[in-house]
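Enquirer: Fold the following.
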Amino acid sequence: MLLYISSPVFTGRTFVISCNASDSIARLKANILHILYEMGRGSHQFRLKFKNQYLKDSSSIQDYGITDSHVISMVPLSGKSFTANPLISSTSSLNDRVTEDTLQRMLVKEVNTLKTREKLCNKLQVCVWMLFALGVLSLVTTLWYTAFYKFAAATLALAVCPKYTRLSGFYLRMNERNDLRVLFVAIGAGALCLGSAGAIPALIQHDCVANTTLPWLHCSGPTYFSIPVYLVETVGYLSACIMAFVLWRNFAFQIGNYVEPVLVEIRDIKYIFTAARSSSVKEQRTAALDLANMAASSVDNKFSLVTAGGLQVLIDLALTEDEGVRGYAIEAISELLTVRSIQNEFLELGGISTLMFALHSSDNHIVKETLLAVCQLAEEGEEVMGTILAENGMDDLCKVVASGHVETVRLVAGLFLDVSFSDTLRGELLKHRKYVPYFERMVKCSDVTVQQLSLQTLEMMALSSSESVTVHTSLIPALVKNLSVSGDIDVRTISSKLLLYFCEASEQARKLLVDSGIILALTRVAGAPDNIVQNISAHILRTLVAHDRSLMEEEGSAGLARLIRSAAVDQEAWIICDQLLMRGNDDSDI
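Expert: All right, here's what the predicted structure looks like:
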């Protein structure tokens, strides 16, 4: 795929990079470095940014949802755009100069490797043309008929031999399976080399040996001419074979093979920790980024970081005021918490308080990473979620809901659903009325997943204790609206179930249901061939009529009953509505 790299430093110019989705960000940077090297800016320091998020060297392109033709911003490091030596996106004053020099050496090594490839391709082309010319001379040798297969071999070699320049890459469509191309040339040249070498003793045996003990003095004229031709051909074919084989090995190299390991190399932990404890925000930010890269690179690095006391360092960084430092620290913590054994140590250090503090950030990315870390911890069991809720975690999670960002609200809704499965924690969700508006917000959310998760949570609470839900009648308008307008069958079904709970709860709830347009909402969905919704609709209508018989005198209620009866796929729903219609004018109890 092709990616476009824009930079405020190189105005009016956009770099085009060809890469794979599985390539790392470090390899993408290596490709950019090669372009900058040709511009004389190989020492330009920068970081890559996509959708307001800085890209980590150890992550892959697809990790950030980057696809073909996306534009990535190249952000120069402050004050060092053209003065610092190599490109290391997380360099600080405490990093070893050796690391910087190593990157520069690796860049030059890659450039030299590509220069070698260009020279070998050109020399191989020249060699094949020379062998083509020698094929012409073969027409006047003793074995003149060999010229024809030599012509064919040289022509085929010229067709498949890749043409390459370091600046432009491979010519035309010669950019796939070039390793097989040159391997084919190497094998063919080797076979022809053996053939030409074998022709020399055959000529001597045939023309000279039978006549004298000094054959080279008494051979025929054509033989004297043929032997040097075949000798030169043998050397030429051997040279072509060697060059093609070396080129085959060279094609195994790709841009970034040497630079990428340096970019993702983990700097000495003690230097990172020193920078993390510095009073300089810039050094703290660099240290946090290094720790995030280290945590994301491998499981071994995760354990090395934790063993060296990195968890406490990250917790301290996550409590700083700088959003950049806090963001990288939370990213690192989220990566570390993917390992179960690290979670226990994090809890012992009081990391829950740190995560709850991070939820107050104005940066949505930090909040999202924090919630991912909380979700990792929530998998540990009820105790962890109990600790979160005990530290006013419910208030903090509700503030995230108030922010309105769909991705983070979805994570919170998932956490609430996890809590609803716990018999001991379920009651905390709607323990105070102040939490009810946030559930209303989730029920009304435009995201179907958020609606489903929040409705499932309310259903779990109602199954345990219907009163815990039905006392909050302010939820009724939102549920009626979901039932009426939602296109998702799960949302409609769960909303109707919850409305039935409200219908059976109190007179106030029933009155609010009628005022909220429950009859019209049921009319819109009851005609669909859904036996569950029809059954619930029939039960709601029967409960409402049982407490207010005058409802059946209204055209809307009677029409709903007739609709369900005519379209019923559920026998119980048909019976209920048939009884309601038959007793509509009866004063006896229903």
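Enquirer: Contacts only, for His547.
Expert: Taking Cβ atoms under 8 Å, 6 or more residues apart in numbering, we find His547 in contact with 507, 510. Backbone N, C-alpha and C define where each C-beta goes, glycine included.
Enquirer: Tyr501 is in contact with Ser465, isn't it?
Expert: No - using Cβ atoms under 8 Å, Tyr501 is not in contact with Ser465; the gap is 10.4 Å.
Enquirer: neighbour-wise, which of the two wins?
Expert: More neighbours surround Tyr501 than the other of Tyr501 and Ser465, with 19 against 12 (other Cβ atoms under 10 Å).
Enquirer: Okay, that one and Phe416: tell me how far apart.
Expert: 18 Å (Cβ to Cβ, to the nearest Å).
Enquirer: Could you do Gly236 as well?
Expert: With Cβ to Cβ as the criterion, Gly236 and Phe416 are 77 Å apart.
Enquirer: Which elements pack onto the strand or helix carrying Asn344?
Expert: If you go by DSSP states H and E, Asn344 is part of helix 340-348. The elements that helix 340-348 packs onto, with contact taken as 3 or more Cβ pairs under 8 Å, 6 or more residues apart in numbering; DSSP states H and E, are helix 299-307, helix 310-318, helix 323-336, helix 364-378.
Enquirer: Which of those sits closest to Arg249?
Expert: The minimum distance between Arg249 and the helices and strands packed on helix 340-348 falls on helix 299-307, with 30.8 Å, by Cβ to Cβ.
Enquirer: in that closest one, what counts as buried?
Expert: Neighbour counts over helix 299-307 (16 or more other Cβ atoms under 10 Å) mark 301-302, 305-306 as buried.
Enquirer: Dump the C-alpha coordinates for it into PDB.
Expert: Listed next in PDB are the C-alpha coordinates belonging to helix 299-307 (Å, rounded to 0.1, in the frame of the first residue of the first chain):
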ATOM      1  CA  VAL A 299       6.900 -10.100  27.200                       C
ATOM      2  CA  ASP A 300      10.500 -10.500  28.300                       C
ATOM      3  CA  ASN A 301      10.900  -6.700  28.200                       C
ATOM      4  CA  LYS A 302       7.700  -6.400  30.300                       C
ATOM      5  CA  PHE A 303       9.100  -8.500  33.000                       C
ATOM      6  CA  SER A 304      12.500  -6.800  32.800                       C
ATOM      7  CA  LEU A 305      10.800  -3.500  33.300                       C
ATOM      8  CA  VAL A 306       8.700  -4.600  36.200                       C
ATOM      9  CA  THR A 307      11.700  -6.400  37.900                       C
END
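Enquirer: Three-state assignment for the residue nearest the centre of the chain, please.
Expert: Nearest to the geometric centre of the chain sits Asp63, at 1.9 Å (Cα atoms, centre = their mean). Assigned state for Asp63: helix (three-state reduction, DSSP: H, G, I helix; E, B strand; the rest coil).
Enquirer: how long is stretch 167-180 end to end?
Expert: 22 Å (Cα to Cα, to the nearest Å).
Enquirer: pLDDT of that stretch, averaged?
Expert: Averaged over stretch 167-180, pLDDT sits at 69.
Enquirer: now swap in stretch 20-40 and tell me
Expert: 88.
Enquirer: List the contacts of Pro477.
Expert: Pro477 neighbours (Cβ under 8 Å, 6+ apart): 512, 516.
Enquirer: Now do it against Phe132, distance only.
Expert: The value you get for Pro477 to Phe132, if Cβ to Cβ is used, is 86 Å.
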